[in-house]
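> Based on what follows, work out the 3D shape:
(chains A and B)
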Number of protein chains: 2
Amino acid sequence: MTMTAAPASPAEQTKEYVELLGLLREAATLNSVGALLSWDQETLMPPRAAAFRAQQLSTMSKLAHERRTDPRIGELLAACENNSDIQEDALAHANIREARRDYDRAVKLPSELIVQMAETNSMGMEAWKEARAKSDYALFKPWLEKQVDLNRRKAECYGVPAGGELYDALMEDFEPGMLSAEVDRLFVPFRAALTPLIAAIADAPKRPSDAVQRIQTDIEKQKELNRFVAGAVGFDYQGGILAVSTHPFSESVAPGDTRMTTRYSTTNFPEAISTTLHESGHSIYEQNQPKAERFGQPLAEAISLGIHESQSRMLENQMGRSRAFWEWALPHAKRILGSGASAATVDDVFGAINIVRPHFIRVESDEVTYNLHIMLRFDLERAMIRGDLSPADLPGAWNERMKNDLGLSVTDDAQGCLQDVHWSMGAIGYFATYSLGNLYAGQFWDKINQDIPDLEAQFSRGEFSGLIGWLSENIHQHGRRYSAPELCRRITGKELSHESLMSYLKAKLHPLYGL
Amino acid sequence: MTMTAAPASPAEQTKEYVELLGLLREAATLNSVGALLSWDQETLMPPRAAAFRAQQLSTMSKLAHERRTDPRIGELLAACENNSDIQEDALAHANIREARRDYDRAVKLPSELIVQMAETNSMGMEAWKEARAKSDYALFKPWLEKQVDLNRRKAECYGVPAGGELYDALMEDFEPGMLSAEVDRLFVPFRAALTPLIAAIADAPKRPSDAVQRIQTDIEKQKELNRFVAGAVGFDYQGGILAVSTHPFSESVAPGDTRMTTRYSTTNFPEAISTTLHESGHSIYEQNQPKAERFGQPLAEAISLGIHESQSRMLENQMGRSRAFWEWALPHAKRILGSGASAATVDDVFGAINIVRPHFIRVESDEVTYNLHIMLRFDLERAMIRGDLSPADLPGAWNERMKNDLGLSVTDDAQGCLQDVHWSMGAIGYFATYSLGNLYAGQFWDKINQDIPDLEAQFSRGEFSGLIGWLSENIHQHGRRYSAPELCRRITGKELSHESLMSYLKAKLHPLYGL
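Now for the predicted structure:
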């Protein structure tokens, strides 16, 4: 394999910098193997392999952690921080700044904790699957207790960030630099804006029909359609796979290897398209980072889960729930799916996929009420880490909030606090990033439409390179060069807020509901 | 995970033995991750991931090699060899004997060579794919030269086995204890018996029709049929996967995780069944070893590739090309495949799948001429390691042998010396095991039919547990407890020879060809 690249800058010729990048690449190689193990666990692995898979994953986590915390990395970082060539080179400087952050965090975690977390994550997920299938919270409770304990230990190892609380040390893994007080500052007015919109829609004079979501279509044909749509939008099959799993996800395995899944039911073909577009957003972000040249470097990694989610939600929602998108997509759906879909109109699909209606399940929720699900989870997991909520009391607290926030009475934990995989795999501090992603997507969307005034017309012609090119140039190619708030300011000239997203939601939903 | 197991014997309570098994398990865990990487490379990996996959594999090989050659293993082996509890325990003794063999071989290979081989194997395979697709030997030649050099180096590290030659050091990786002089001793009379049979068939008064191999059937339906057949025979889907790949293979990834592939064409549904049965034979052998309890121990590993191949060839040929098997299978094929197959009779299928006709391609060859392919490869690769044949001269030598041995004029290297993947991935010393497998299968088959006189009647009723139970009890469960020749003597009371196989072939083929 030879790569063509720009001639090396003075920074890139620095001996310590070159050695450091080599070590980062080695650690990332071990991580990439772990990523394949995880992907396989969710897509293909036979049931009896589950127990041993936990050992494979913990072995790889331990080895990767050993590499990431190699004292030689510390020495090389110090040398690079004192080297003026590197400090004056914007890209190298960003690489060193972020590698320093990663190293300082990694060395705080003992290897024994890494192994315990990896095993607990893999086995906790299997326990959760069983608990959810049986709707039996008692099966999951001991694992959640263990995860809360392990996460508190992890947070204590990291230490409380300046101006923050223990929970914020966990959130830092997913949304660097974000504090929960700042999330509150964003979520409180966001909730205040969402609530009246939801109430108005509930009492609206007209409602779209969901008939199109009950059309029966063949799953093999849906696979062909989704494969076609993802490819048209920009997912590169030479460097990626689209597969099927119960819980759709994307996994950036390695350079040239970005994998995503979707799911199908014989009814509701637009839902599968939404899911595929969501995962395409994640995967295209990964595919457009300079991984071939910079694998293992912060400059070839995603900034934060909030920014990641902004990419997936934008393709799913701002683009994929637009009338213009379906003007292009529906004729293809009819061509591929055949008879069942042939009577549907663009307005039928547009109406159905924009129905706003509180739902028990987060991932089946609309663009509006979805955010109330996130706020609920954010508050409850924060309370568990604070020690204000015991895992034993989770179902009660969950159900109370569902009643208050969404007006729904949970009678079944599978439809309640057992619905999401995250806590089972130790991902506490993660949930807020979903709504942060919605807010980022809303704010970026405003700017994209200013920069590309005929964006919707492009969609209706099946042209997506304008949008993807903009995202690649402004976001994807930078990797972790800029922090999420910095990127937001660079692109939009403003701090993050709910205003753009709310304007977009009202502009779409008011006409649809006759408001 | 809890396991129920027999109470620990004195040997199993020996501290050094327990520690040793732990280290072997760790090394095997790293190997298991490598196995998943290989499986994925052949089944799913997107094209652009190939270059980096070589790095992932070489990283895992290096790590596994480091574990396997940990000096602590040497210390523990010495302690166990001097412990009378272990030496008096037949199972523990076998584990130590085989672990000693593995350790003594592994420490002879420098880590640098391991890395170079892993990278060359992965990249060589990609080069071979391209060379074969373009039928351009020049693209493959430098890689074969590199593989011959690396294999000579490896063999020199191992050292020439007593009574053998350099090539035998390589064969030892695949067929422990086998020398090429012993292969000659088996192959010379085997060839002398095959040649007149092939000549007689070529001039035979009658020939079966191959019409049934041209019936068009749907590939999705074939998948269902093959899935059903493999399950009925004994492949366990709770601990395994049946997938699709261009070159079918089996991979024992981990405890509870045995994977195999097959391939389909819209014509020739019996061929897909043959392939699936072949891989089922390999996979059931792996699934029936005590891997859950003994992962990483020689007692939970296959003896040799020859014994492995005896299991696959027996299900493919002795069972799967029998009239009795198709008395059961054909009605299921008709039920699942529908109209295309409905007119076929058991005699049609039985005749077609037993046609003997020299073919350019080894894997498309019949039970008889297949062995001439193996002898050709065995002789040529041995000559390359001896230095008597240069990789530059391979196509000429190949084509000359094909003309002499099989009467076929190769005009295209893709149909000639580029057809097999083995040399591209560094597997030199491997080919003889295919025909050794045929010989073992023939000899075991005699004994099975003595022990289970109504075996064919069982097949015709779809009962395979008699056969699989016999194989499990006599072969699978033992892992590496007995060497291949020892196992053969224990089961059949005789040394390996071609006699049983030839009797079986004549008994089946003479009536079919009116001889």
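> ok, the residue nearest to residue A:315 when sequence neighbours are not counted - how many residues close by?
Closest residue to residue A:315 apart from its sequence neighbours, by Cβ to Cβ, 6 or more residues apart in numbering or on different chains: residue A:281 at 3.7 Å. (C-beta placed from N, C-alpha, C; glycine too.) The number of residues packed near residue A:281 is 30, by other Cβ atoms under 10 Å in any protein chain shown.
> Apart from its neighbours in sequence, what residue is nearest the residue sitting nearest the centre point of chain A?
Nearest residue to the geometric centre of chain A (Cα atoms, centre = their mean): residue A:309, 4.2 Å. In space, and not counting its chain neighbours, residue A:309 is closest to residue A:437: 2.4 Å by Cβ to Cβ, 6+ apart.
> Is it correct that that neighbour falls within a helix?
Yes: according to DSSP: H, G, I helix; E, B strand; the rest coil, residue A:437 belongs to a helix.
> how close does it get to residue A:444?
From residue A:437 across to residue A:444, the span is 10 Å (Cβ to Cβ, to the nearest Å).
> residues bridging contact with those two, i.e. touching both?
Counting by Cβ atoms under 8 Å, 6 or more residues apart in numbering or on different chains, the shared contacts of residue A:437 and residue A:444 are residue A:310.
> sorry, back to before: and the residue nearest to the centre of chain A, which helix or strand is it part of?
helix A:305-313 (DSSP states H and E).
> next one: residue A:253
Using DSSP H and E, residue A:253 falls in strand A:250-254.
> With residue A:261 instead?
strand A:257-262.
> C-terminal to that strand, what's the next element?
Next element after strand A:257-262 (DSSP H and E): helix A:269-287.
> Next, the angle from that following helix to strand A:250-254.
With axes from the mean of the first three to the mean of the last three Cα atoms, to 10 degrees defining the directions, helix A:269-287 sits at 30 degrees from strand A:250-254.
> Could I have the CA atoms of helix A:269-287 written out in CSV?
C-alpha atoms of helix A:269-287 as CSV (Å, rounded to 0.1, in the frame of the first residue of the first chain):
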residue,chain,number,x,y,z
PHE,A,269,-41.1,1.0,4.7
PRO,A,270,-40.5,4.7,5.4
GLU,A,271,-39.3,3.8,8.9
ALA,A,272,-36.5,1.6,7.6
ILE,A,273,-35.5,4.5,5.3
SER,A,274,-35.3,6.9,8.3
THR,A,275,-33.1,4.4,10.2
THR,A,276,-30.9,3.9,7.2
LEU,A,277,-30.5,7.6,6.7
HIS,A,278,-29.7,8.1,10.4
GLU,A,279,-26.9,5.5,10.3
SER,A,280,-25.7,6.8,6.9
GLY,A,281,-25.2,10.2,8.6
HIS,A,282,-23.0,8.6,11.3
SER,A,283,-21.1,6.5,8.7
ILE,A,284,-20.5,9.2,6.2
TYR,A,285,-19.0,11.3,9.0
GLU,A,286,-16.6,8.5,9.7
GLN,A,287,-15.9,7.7,6.0
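> ok, now how distant is the residue nearest to the centre of chain A from residue B:177?
Counting by Cβ to Cβ, the gap from residue A:309 to residue B:177 is 59 Å.
> same check, this time on residue A:328
From residue A:328 to residue B:177 the distance is 66 Å (Cβ to Cβ).
> Could you count how many residues lie near the one residue in the stretch 201-350 of chain A that gets nearest to chain B?
Nearest to chain B in the stretch 201-350 of chain A, going by Cβ to the nearest Cβ, is residue A:256, at a distance of 3.2 Å. Neighbourhood size, residue A:256 [other Cβ under 10 Å]: 22.
> got it, and residue A:493?
Counted with other Cβ under 10 Å, residues neighbouring residue A:493 total 9.
> same check, this time on residue A:471
Residue A:471 - counted by other Cβ under 10 Å - has 22 other residues nearby.
> so it sits in a helix?
Yes: according to three-state DSSP, residue A:471 belongs to a helix.
> Please name the strands paired to the strand holding residue A:253 in the sheet, noting orientation.
Paired neighbours of strand A:250-254 in the sheet (DSSP bridges): strand A:257-262 (antiparallel).
> Which residues outside the strand it pairs with are in contact with it?
A:32, A:39, A:42-43, A:226, A:230, A:235-236, A:239-245, A:248-253, A:272, A:275-276, A:279-280, A:282-283, A:286-287, B:45-46, B:48-49, B:52-53.
> which of the residues you listed count as buried?
The neighbour count (16 or more other Cβ atoms under 10 Å in any protein chain shown) marks A:32, A:39, A:42-43, A:226, A:230, A:235-236, A:239-242, A:248-253, A:272, A:275-276, A:279-280, A:282-283, A:286-287, B:45-46, B:48-49, B:52-53 as buried among those.
> picking that back up, mind listing what's buried in the helix or strand following the helix holding residue A:309?
Toward the C-terminal end, the helix or strand that comes next after helix A:305-313 (DSSP H and E) is helix A:323-337. Within helix A:323-337, the residues that count as buried by 16+ other Cβ under 10 Å are A:323-330, A:333-334, A:336-337.
> Need those residues in TSV (columns: pLDDT and distance to residue A:411).
Shown next, in TSV, are these (pLDDT from 0 to 100; distance: Cβ to Cβ, whole Å):
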residue	pLDDT	distance to residue A:411
A:323	98	37
A:324	98	40
A:325	98	37
A:326	98	36
A:327	98	41
A:328	98	42
A:329	98	37
A:330	97	37
A:333	97	36
A:334	96	39
A:336	96	39
A:337	95	35
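> need the residues of the stretch 201-350 of chain A near chain B, please.
Residues of the stretch 201-350 of chain A lying close to chain B by Cβ under 8 Å from any Cβ of the partner chain are A:220, A:236-241, A:243, A:253-257, A:295.
> Just put those in TSV and tack on pLDDT.
Listed next are those as TSV, based on pLDDT from 0 to 100:
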residue	pLDDT
A:220	93
A:236	98
A:237	98
A:238	97
A:239	97
A:240	97
A:241	97
A:243	96
A:253	96
A:254	96
A:255	96
A:256	96
A:257	97
A:295	96
